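*Asks:* sequence first, then the predicted structure, then my questions.
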Amino acid sequence: VSVYKMDAIKSLLLLVCLTVGATQAKPNFIILFGDDIGNGDLGAFGHQTSRTPNLDKMAATGAKLTQYLSGANVCSPSRASIMTGRYYTRTGAWPGVFSPNSVGGLPLTELTIASVLGKVGYMSGMIGKWHLGVGEYLPTNHGFDFYFGAPMTQNECVSNIRYPGSAQFSQDISSNMKQRAGVPDIKVVRGGNSSKCGSPYLVNKTGLTSGGAAHHATSADACCALCDTLAANCKAWTFHPDSNTCNTDTIVTPHTAGCSLCIAGSKDPIPPPSPPPSHHGFGPCPILNGSNGAVTVQHSLLDKPQQLYDMLGVDDKYDQAAEDFIRGAVSKNTPFFLYFCSHHTHAPQFSPQSFLGYSRRGLHGDSLGLIDRSAGRLMSLLEELNIDNNTLMVFSADNGGSLIWRELGGVNGNLRCGKGTTYEGGHRVPLIARWPGKIAPNIVIEDLTSSLDWFPTMINLGGGTIPTDRPIDGVDMQDVLFGTGPSKRKTFLYFEWRTARLMAVRMGNWKLHIFTRGSHCSPPFPDSNCYDDSFKTKDDYDGQPLLINLETDPGEAQLTTSVCPQVSPDGVIDPRCYTQEFVDSMVANLTAFYNASANDTSLWAPSQIGRGGNPSRFPCCSPGCTPIPYCCSCDSNKTGPAAPTTEQNVTGYPDPLQFLMV
C-alpha cells in the first residue's frame, strides 16, 4: 500500500473517530428567553418593521414552531413551567407573580432542568431575570452553578431607568431623541384612569424608556394621595402627578399600588409608611454574581442616588457573562446548559442612547433589537468555539405580548387578545430551535408543542433520568424537532393567572373555553373580550359551546363552531361547518377532559405566592440597615451575604405586587 493511500486511510479513520466522538459527546443547551414577546413580533414571524436579523437568521438555519404554547400567560408561572416541565399550578407559582419581597418561591423540592442535568455532568448557568423567588429560592439553589443578573423585572427595582413627571420630561430628553424614538410629550394628570397617574413614557438623560406601572385603575387615586402626603412632608421628594418637584435631579420607581412611588431624593427623607414598613416599596436594583446567591452590586437610594445601577447598559453585561460562562464550560470540556432571560420587551422598555432608533418600530423595536443582538452574539460565539453543531439553541418568550401598552406593547399576530388571557394571544409565542446537523434548516413545524416539553427533551438528550416521583406534564420533542415523527403532545390546559382556575382545554386542533376573562388590555381596544374582567361562560355567548378549531380559526375570531344547516343535494357537507353530531361529540370529549383535569387535585399545590411579602426579603447587600430596602448598598469591595440554602420561616404581609407588577 502506498504512503499516500496509508495517509488517506489514517485520515479517514481519524475522521471517523472524530465523528463518532462528536456524536457521542453530550450536547449543550441554550434557552434564550424573552419577556412579553408576541407571536407576531419578530421579522421571521411576519412583523414588517421589527428589526431582528439574528433571530431571522436563527429561523432560516433552524425551525420555527407555530403551534408552541407557553405553560402560562404571565411571567413567574411560565418560568416555573419551563424549568420543571410541570403546569405551574403544581409548583405553587400562583396566583399572580413573585415579587422581590415574596416570602415564597419555586419550592426547593421541585426539580429543574439544571438540577437534573447537573447529576449527569452538566454545568448550568443562569443570566438575567429569574422571577421565581429570592433568598433561598434563587437559581443557585435550583441546580444552577452560576447566576448573574437582577432576579426581578426592571420595574420592581430602582435603577437609572427613571420615571420623571411631565414637568421634567422635556428637560430630560432632547427633541431630537424624542423624534428618533417617536415619543410625544404627555401631560400627566391625577385621578380617573390610572394610566394618567404615572407617566406612560419614561426617560433618563442617557436613554429612553417607555411604559410604567400605572395600569390598575382601582388604586390610582389612593396612590396619588399617598404621593401628595409624602411630597408635603419631604424636602425633595420626586415626581408625584400634580405638583412640581423640589429637586430637579430626582429618582422615581414604580409603585405597587398602581402609579409612581415617591422615593426620597434628599438626605433628609421621612421614613417609609408603617405598618408594615415598606412591603409596598422597592429598593435599588441588585445584581447577583456568582454561585452563592450574594448581591455584589447595589447602590443605596439614600446616599448614592446618582450612582444607581446602569440597567440601560445591562445587556452588554449579560452578554459578557453568558460568553464567560460558555467559554469556561468549553475550557473544562464540560457540557453546559445556559438559561438566559432577557428583560426585553417587558414594560418599561428601555434602550441605551446608542441604540435608540435602531428599529423603525420605535422604542419597543429598539428593545426587541437588544435581545436580537444577544442572539447574534451567542450564535457567533458557538461558531467561534466550534460547538455550533453540538448545541441546541432555543429562542422563545414567557407569554404573549401585552396589549395594555398599545403601540409600545407586543404584537400577537392574528391571535386573539394577549398576555394574561387564555386566548391564544396569551399563550402562543414564537419559538425558534436551531441545531445545525440535527434540525433541518428553514423548516416550519405546525405540530402542537409547549414550553413544558423542554424539560423531558433536554434531559433525555443529555442522558439524564426523567423523575418518576411526580407528574411531568411535558413530552419529549425529539421526534418532531428532528423530523422522525409527529409531536407526542396531544392536549394542553389553560389556567387563569390571578386565580389558577382551569379555564380551557385543548385536544389536537380543538379548543373548548369553559370560562373566559380579559387581562392586560383596556378600552378603546376594539375587542372587549381582551379586557372584560368578569368570568364569562357559554351562557354569555347565546348558550353555544365555546368550541374552536384552531386549524381553521387560529385567531379564535368565532368563539363558536358553525353547525351545518343541511347536507347539500349531492351529499357533500359544507366544509365551512360541521354536523351537529360531530360538534356534540367533540364538546362531550373536551368537557370530559376538562372535568377530569379539574377534579385532579394533584394539579394544584399550595400557593407559594399567596404566602405574601416582607421588605426584609428584598435582595440587600446591607441586611439590618434602615430603612429597608432603600438603604441597601454595596460595590465590588463589599459583597452581601450568601443566600440561605434552606427554606426560611418568614412572616408574610399581604403583597399586592403579585398582581400589580406584571
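*Replies:* In hand now; what should we look at?
*Asks:* so D540, which of the three states?
*Replies:* Under DSSP: H, G, I helix; E, B strand; the rest coil, D540 falls in the helix class.
*Asks:* burial count for it?
*Replies:* 15 (other C-beta atoms under 10 Å). For the C-beta atoms, the positions are set from N, CA and C on the backbone; glycine is no exception.
*Asks:* what does Q580 give?
*Replies:* 10.
*Asks:* surely it and V563 touch.
*Replies:* Yes: counting by C-beta atoms under 8 Å, Q580 does reach V563; the two are 5.1 Å apart.
*Asks:* where does pLDDT dip in the stretch 551-662 of the chain?
*Replies:* 565-576, 636, 660 (pLDDT under 70).
*Asks:* switch the cut-off to 90
*Replies:* For the stretch 551-662 of the chain, the stretches flagged by pLDDT under 90 are 552, 558-581, 614-616, 622-639, 649, 651-662.
*Asks:* do the stretch 1-150 of the chain as well
*Replies:* In the stretch 1-150 of the chain (pLDDT under 90), the answer is 1-25.
*Asks:* quick one: the strands in it?
*Replies:* Assigned by DSSP state E, counting those that start in this stretch, the strands in the stretch 1-150 of the chain fall at 28-34, 63-65, 68-69, 123-128, 146-149.
*Asks:* of all those strands, which one is nearest G283?
*Replies:* For G283, the closest of the strands of the stretch 1-150 of the chain is strand 146-149, at 16.0 Å, according to C-beta to C-beta.
*Asks:* could you look up the SS state of V583?
*Replies:* V583 - assigned by three-state DSSP - is helix.
*Asks:* count the neighbours of it for me.
*Replies:* Residues within reach of V583, counting by other C-beta under 10 Å, total 19.
*Asks:* what about L408, how many residues close to it?
*Replies:* L408 has 24 neighbouring residues, counting by other C-beta under 10 Å.
*Asks:* re earlier: can you list the strands of the stretch 1-150 of the chain in a markdown table and add distance to H47 and mean neighbour count?
*Replies:* Listed next are these as a markdown table, based on distance: least, C-beta to C-beta, whole Å; neighbours: other C-beta atoms under 10 Å:
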| stretch | distance to H47 | mean neighbour count |
| --- | --- | --- |
| strand 28-34 | 14 | 25 |
| strand 63-65 | 13 | 23 |
| strand 68-69 | 17 | 25 |
| strand 123-128 | 23 | 26 |
| strand 146-149 | 27 | 24 |
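*Asks:* tell me which of the ones you listed lies nearest to L403.
*Replies:* It's strand 28-34; of the strands of the stretch 1-150 of the chain, that one is closest to L403 (C-beta to C-beta) at 16.7 Å.
*Asks:* which non-adjacent residue is nearest G401?
*Replies:* Residue nearest to G401 in three dimensions, not counting chain neighbours: G410, with 1.6 Å by C-beta to C-beta, 6 or more residues apart in numbering.
*Asks:* correct me if wrong: that neighbour contacts G420.
*Replies:* No: here G410 does not reach G420: they are 11.8 Å apart, not a contact under C-beta under 8 Å.
*Asks:* name the residues contacting each of those two.
*Replies:* S402 (C-beta atoms under 8 Å, 6 or more residues apart in numbering).
*Asks:* what about P629, which SS state?
*Replies:* coil.
*Asks:* what sits closest to it if chain neighbours are left out?
*Replies:* Nearest one to P629, counting by C-beta to C-beta, 6+ apart, is G283 at 2.8 Å.
*Asks:* might you report the residue contacts of G485?
*Replies:* D479.
*Asks:* please renumber so the chain begins at 49
*Replies:* Noted, 49 is the first residue going forward, which turns the last one into G533.
*Asks:* any idea how far F540 is from it?
*Replies:* 19 Å (C-beta to C-beta, to the nearest Å).
*Asks:* same question for L550.
*Replies:* From L550 to F540 the distance is 11 Å (C-beta to C-beta).
*Asks:* more crowded one of those two?
*Replies:* L550 (23 against 20).
*Asks:* which phi and psi values does the more buried one adopt?
*Replies:* Backbone geometry at L550, expressed as degrees, to the nearest 10, gives phi -70, psi 120.
*Asks:* isn't it right next to Y542, touching?
*Replies:* Yes: using C-beta under 8 Å, L550 is in contact with Y542, at 7.4 Å.
*Asks:* how far does stretch 335-352 sit from its chain's centre?
*Replies:* Put simply, stretch 335-352 sits 22 Å off its chain's centre (C-alpha atoms, centre = their mean, to the nearest Å).
*Asks:* check stretch 591-600 too.
*Replies:* 29 Å.
*Asks:* and the contacts of it?
*Replies:* 115, 472, 552, 554, 557-562, 564, 586, 604, 606-609, 631, 634-635, 638.
*Asks:* once you drop chain neighbours, what's closest to T470?
*Replies:* Nearest one to T470, counting by C-beta to C-beta, 6+ apart, is Y542 at 3.9 Å.
*Asks:* and the pLDDT at that neighbour?
*Replies:* As predicted, Y542 sits at a pLDDT of 98.
*Asks:* now do the SS call for it.
*Replies:* Y542 - assigned by three-state DSSP - is strand.
*Asks:* show me the beta-bridge partners of it.
*Replies:* With DSSP bridges applied, Y542 shows beta-bridge pairing to A552.
*Asks:* shouldn't it be in contact with L560?
*Replies:* No: the criterion here is C-beta under 8 Å, and Y542 misses it with L560 at 9.9 Å.
*Asks:* common neighbours of these two, please.
*Replies:* What both Y542 and L560 touch, as defined by C-beta under 8 Å, 6+ apart, is the set 552-554.
*Asks:* contacting residues for F196?
*Replies:* 173-176, 335-338, 365-366, 369, 373.
*Asks:* can I get the residues you listed in CSV including distance to S402?
*Replies:* Output for those, formatted as CSV (distance: C-beta to C-beta, whole Å):
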residue, distance to S402
G173, 27
M174, 27
I175, 21
G176, 20
I335, 21
L336, 26
N337, 24
G338, 29
K365, 15
Y366, 16
A369, 20
F373, 25
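*Asks:* circling back: and P572, which of the strands of the stretch 49-198 of the chain is closest to it?
*Replies:* strand 76-82 (27.6 Å).
*Asks:* and the pLDDT at C245?
*Replies:* Per-residue pLDDT puts C245 at 28.
*Asks:* over to L411?
*Replies:* L411 is given a pLDDT of 86.
*Asks:* what number of residues lie near the nearest residue to A120 once chain neighbours are set aside?
*Replies:* Leaving aside its chain neighbours, A120 sits nearest to S126 (4.0 Å; criterion: C-beta to C-beta, 6+ apart). By the criterion of other C-beta under 10 Å, S126 has 27 neighbours.
*Asks:* cool, and A108?
*Replies:* Neighbour count for A108, taken as other C-beta under 10 Å: 13.
*Asks:* hmm, I491 and it touching each other?
*Replies:* No: using C-beta under 8 Å, A108 is not in contact with I491, being 10.0 Å away.
*Asks:* ok, which stretches of the stretch 299-448 of the chain are strands?
*Replies:* Counting by DSSP E, counting those that start in this stretch, the strands of the stretch 299-448 of the chain are 300-302, 308-310, 335-338, 343-345, 384-389, 398-400, 439-445.
*Asks:* quick one: closest of these to D575.
*Replies:* Taking the strands of the stretch 299-448 of the chain one by one with C-beta to C-beta, strand 439-445 is closest: 21.5 Å.
*Asks:* neighbouring contacts of the next helix or strand after that closest one?
*Replies:* Next helix or strand after strand 439-445 toward the C-terminus (DSSP states H and E): helix 472-475. By C-beta under 8 Å, 6+ apart, the residues outside helix 472-475 that reach it are 86-87, 117-118, 120-121, 447-449, 451, 460, 463-468, 542, 567, 578, 598, 602-604.
*Asks:* by contact count, what packs against whichever helix or strand comes after helix 472-475?
*Replies:* Note on helix 472-475: by DSSP H and E, the next helix or strand toward the C-terminus is strand 479-482. The elements that strand 479-482 packs onto, with contact taken as 3 or more C-beta pairs under 8 Å, 6 or more residues apart in numbering; DSSP states H and E, are helix 101-108, strand 111-113, strand 439-445.
*Asks:* right, and the helix or strand after strand 479-482?
*Replies:* strand 491-493.
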